[in-house]
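Enquirer: test case, fold it:
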Amino acid sequence: LISSATKSLRMETEILEKKLQDAQMKLAEKDGDKEKEIQSLKRLVSELEFQLTMEKSNNESFLDKLRKEIKHKSDELEKLTQERTQLIHSLSQVQEENSLLQDTVRRECEERFELTAALGRAREQVLELRRLSGTLP
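Expert: Modelled structure (predicted):
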């Protein structure tokens with residue numbers, strides 16, 4: 001039973017480690033994509049600000065439209081930043097869970113070794129009792 005539980009916990013740990021690795025890879029990919037998008041959004045915001053200065057004297061309504069678009073892009077950037085923060089938080093939780101599972105596996109292994117040692121001592125005592133009962137009338 002202990003062996004089965006230990007094996008089960010090891011398999012679960014391996015699965016969680018794989019999930020952790022997958023999550024880390026996805027986070028790294030998303031971070032890269034988000035960084036590219038952030039740079040793209042920053043470039044876009046810079047271009048829009050330049051156009052705004054050039055067109056400022058020509059058309060006040062055009063200026064308002066550009067400001068709205070900049071606000072939208074800033075909100076989008078903020079949303080992406082919040083998503084990144086949430087992903088980092090999720091990763092942290094997965095790492096904590098993984099650590100907890102590793103501690104559980106370690107404790108289960110220690111308990112298994114203690115039980116194995118106790119079983120060995122009990123066997124020795126039974127054998128000793130059999131020997132003693134065989135020598136007594």
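
Enquirer: CA atoms for contacts and neighbours, from now on please.
Expert: Will do.

Enquirer: list the buried residues of stretch 89-97.
Expert: Leu91, Val94 (16 or more other Cα atoms under 10 Å).

Enquirer: contact partners of that stretch?
Expert: Residues outside stretch 89-97 that contact it (Cα atoms under 8 Å, 6 or more residues apart in numbering): Leu20, Ala23, Gln24.

Enquirer: off-centre distance for it?
Expert: Here stretch 89-97 is found 4 Å from its chain centre; the criterion is Cα atoms, centre = their mean, to the nearest Å.

Enquirer: again with stretch 65-76
Expert: With Cα atoms, centre = their mean as the basis, stretch 65-76 stands 33 Å off its chain's centre.

Enquirer: just the residues contacting that stretch, thanks.
Expert: Leu41, Val45, Leu48, Leu52.

Enquirer: quick check: pLDDT value at the last one.
Expert: Okay, so that is Leu52. We note a pLDDT of 77 for Leu52 in this prediction.

Enquirer: ok, the first one next?
Expert: Leu41 is assigned 94 on the pLDDT scale.

Enquirer: quick one: contacts for it?
Expert: Leu41 makes contacts with Lys73, Leu77, as judged by Cα under 8 Å, 6+ apart.

Enquirer: which SSE is the residue nearest the centre of the chain in?
Expert: By Cα atoms, centre = their mean, the chain has its centre lying nearest to Leu91, at 2.8 Å. Taking DSSP states H and E as the definition, Leu91 sits inside helix 60-135.

Enquirer: again with Leu27
Expert: Residue-wise, Leu27 maps onto helix 2-55 under DSSP H and E.

Enquirer: between that helix and helix 60-135, how big is the angle?
Expert: 170 degrees (axes from the mean of the first three to the mean of the last three Cα atoms, to 10 degrees).

Enquirer: which intervals of the chain have sub-threshold pLDDT?
Expert: 62, 136-137 (pLDDT under 70).

Enquirer: for the helix holding Leu91, what is the distance to the chain centroid?
Expert: 8 Å.

Enquirer: Val45: neighbour count?
Expert: Neighbours of Val45 under the rule other Cα atoms under 10 Å: 19.

Enquirer: oh, that last question was meant for Val105, not what I typed.
Expert: 20.
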